[in-house]
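Asks: Model the following, please.
(one chain, ligands or ions: 3)
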Amino acid sequence: MDTAPNLVLIGPMGAGKTSIGKRLAERFGLAFVDADREVEMHTGVTVATIFDCEGEAGFRERERAALARLLDGRDTLIATGGGAVLDAGSRALMRERGFVVHLHVGVEGQLQRLARCTNRPLLQREDRETVLRELAAAREPLYADAADLRFDTRDLSPTEATSRLAELLAERWKPDAAAA
Ligand SMILES: Nc1ncnc2c1ncn2[C@@H]1O[C@H](COP(=O)(O)OP(=O)(O)O)[C@@H](O)[C@H]1O
Ligand SMILES: O=C(O)C1=C[C@@H](OP(=O)(O)O)[C@@H](O)[C@H](O)C1
Ligand SMILES: [Mg+2]
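Replies: Ligands and ions are numbered 1, 2, ... in the order given. I've put the predicted structure just below:
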């Protein structure tokens with residue numbers, strides 16, 4: 001049984017980290033925090049604005065700092081952004097202080113789920129499918145490397161995915177109440 005103090009969701013855009021994360025946190029009595037929202041609260045501007053002003057590198061630094069703040073506590077479910085695993089420091093923080101779940105979805109699923117999404121800076125392009133395939137090729141090995149558990153969300157609604165994942169988690173993860 002893994003006794004990490006927090007639960008961390010990783011995986012590509014549209015995997016359901018935010019939507020499944022909220023439901024799962026409720027089931028397990030955890031506080032829910034979305035790392036993108038934490039960055040936005042801390043800076044007072046949107047993720048898109050940070051990408052515009054500081055580029056992706058600037059956003060990754062802010063994302064790492066946000067994860068450090070959030071993971072310092074316990075009993076929190078943290079929904080990360082899809083690119084958080086690119087940063088070695090962020091990966092180390094998650095591994096140290098979290099049970100890490102990789103939510104998987106394929107590119108076709110992403111295209112469907114994100115068809116109406118306009119606020120993800122990396123998807124402000126005509127050739128979304130190419131972008132998503134390139135991101136997947138670069139990131140899938142990092143998700144696999146960082147994860148304690150992989151869960152495929154394809155063909156599952158957020159509610160179904162939450163129920164099944166909750167069952168799997170109950171067998172694998174129990175935060176140690178005595179640990180700081
Ligand atoms: N399992 C699912 N089945 C269908 N649609 C989903 C599923 N998970 C998420 N979505 C939809 O996909 C979009 C992106 O989901 P979101 O939770 O923001 O993903 P992420 O945080 O991983 O990028 C939302 O519109 C959400 O309602
Ligand atoms: O894949 C990425 O690099 C990103 C994913 C986004 O989060 P979601 O995965 O929650 O969409 C957000 O952090 C930012 O737009 C960058
Ligand atoms: Mg999200």
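Asks: From now on I want contacts and neighbour counts done on CA atoms only, so please keep to that.
Replies: Noted.
Asks: ok, is the helix ranked longest in the chain in contact with ligand 1 or not?
Replies: Longest helix of the chain, by residue count under DSSP state H: helix 47-71. No - contact of helix 47-71 with ligand 1 (Cα under 6 Å from any ligand atom) is absent, the minimum separation being 13.0 Å.
Asks: For the nearest residue to residue 120 once chain neighbours are set aside, the count of nearby residues, please.
Replies: Of all residues not flanking residue 120 in the chain, residue 48 sits nearest, at 6.9 Å (Cα to Cα, 6 or more residues apart in numbering). By other Cα atoms under 10 Å, the residues close to residue 48 number 16.
Asks: With residue 46 instead?
Replies: 15.
Asks: And the residue nearest the centre of the chain, its phi and psi?
Replies: The residue lying closest to the centre of the chain (Cα atoms, centre = their mean) is residue 80, at 2.9 Å. The phi and psi values for residue 80, taken as degrees, to the nearest 10, are phi -90, psi 170.
Asks: next one: residue 8
Replies: phi -130, psi 130.
Asks: Tell me how many other residues surround it.
Replies: Neighbour tally, residue 8, other Cα under 10 Å: 25.
Asks: so who does it touch?
Replies: Residue 8 is in contact with 77-80, 94, 98-101, counting by Cα atoms under 8 Å, 6 or more residues apart in numbering.
Asks: how far is stretch 100-120 from where the chain is centred?
Replies: 12 Å (Cα atoms, centre = their mean, to the nearest Å).
Asks: Quick one: end-to-end distance for that stretch.
Replies: 23 Å (Cα to Cα, to the nearest Å).
Asks: just to revisit the earlier point, which residues touch the longest helix of the chain?
Replies: By Cα under 8 Å, 6+ apart, helix 47-71 touches 6, 35-36, 38-40, 76, 78, 84, 87, 89-90, 93-94, 97-98, 119-121.
Asks: Could you point out the longest strand of this protein?
Replies: Secondary structure of the chain read by DSSP state E shows that its longest strand is strand 98-104.
Asks: continuing past that one, what's the next helix or strand?
Replies: helix 107-113 (DSSP states H and E).
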